[in-house]
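1. below are the sequence and a predicted model; questions follow.
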Amino acid sequence: MTIPPETLDLVQRLLAYEAVPGESSVPTESATLRVYEKLRRHLCALAGVAGFQLLASRALTLAKSEAPSLSAVQVTPDGSLQGLRELDRTDNDQTEEEGAIFIARLLGLLLIFIGEALTMRLMQDVWPDAAFDDMQFGGGRKA
């Protein structure tokens, strides 16, 4: 199952948005981890910790088939990621690419379970300053 280009585009936008240094001089976490943690906080409030942990675990399982180094990463019972920081220290470029695959799988599951409208609403809630108005999923085009 391939990741739709629209989902990859959204992931790349999110990662680029989170990669821009804010008020701190140097980000201490990868953009993948910052995106994940923001999603985790919001989705745990909506689906509960157990619900989010199951969703993230499934996304990670799907991503591992495309990104083998993610086999060192685990979703903990509270939904946080264990092992991604260590990967980030070994090969930053590969970790970013594989992190993007993982986030794309997570968003893909959200699109399946809650649909495009609610997924985009969630993105706007989590990243209110980012522009998602031109995003369209399902092969359709926005007028």
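-> It's in.
2. what sits closest to Ala19 if chain neighbours are left out?
-> Ala31 (4.2 Å; C-beta to C-beta, 6 or more residues apart in numbering). Every C-beta, even on glycine, is put in place using the N, C-alpha and C of the backbone.
3. Leu70 now?
-> Counting by C-beta to C-beta, 6+ apart, Lys64 is the residue found nearest to Leu70 once chain neighbours are left out, at 4.9 Å.
4. that neighbour touches Val75, doesn't it?
-> No: with contact defined as C-beta atoms under 8 Å, Lys64 does not reach Val75; the gap is 11.5 Å.
5. more neighbours: the two, which one.
-> Per other C-beta atoms under 10 Å, whichever of Lys64 and Val75 has more neighbours is Val75, with 22 against 18.
6. for the more buried one, give its distance to Arg13.
-> Distance of Val75 to Arg13, computed by C-beta to C-beta, to the nearest Å: 24 Å.
7. again, but for Arg40
-> 19 Å.
8. who's in contact with Pro68?
-> Listed by C-beta atoms under 8 Å, 6 or more residues apart in numbering, the contact set of Pro68 is empty.
9. state the pLDDT value of Ile3.
-> pLDDT recorded at Ile3 is 89.
10. residue contacts, it?
-> Applying C-beta under 8 Å, 6+ apart to Ile3 gives the contacts 101, 104-105, 108.
11. tabulate those in TSV, adding columns for neighbour count, pLDDT and distance to Ser71.
-> Output for those, formatted as TSV (neighbours: other C-beta atoms under 10 Å; pLDDT from 0 to 100; distance: C-beta to C-beta, whole Å):
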residue	neighbour count	pLDDT	distance to Ser71
Ile101	21	95	13
Ala104	23	96	18
Arg105	27	97	14
Gly108	22	95	20
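12. and which of those is nearest Arg58?
-> Arg105 (8.1 Å; C-beta to C-beta).
13. which parts of this protein are strands?
-> Applying DSSP state E to the chain gives strands spanning 74-75, 81-82.
14. least reliable of those strands by average pLDDT, please.
-> Minimum mean pLDDT among the strands of the chain: strand 81-82, a mean of 92.
15. tell me the strands beside that one, with direction?
-> When pairing is defined by DSSP bridges, strand 81-82 lines up against strand 74-75 (antiparallel).
16. most centrally placed residue in this structure?
-> The chain has Ile103 as the residue nearest its centroid, 2.7 Å off, counting by C-alpha atoms, centre = their mean.
17. okay then, goodbye and thanks.
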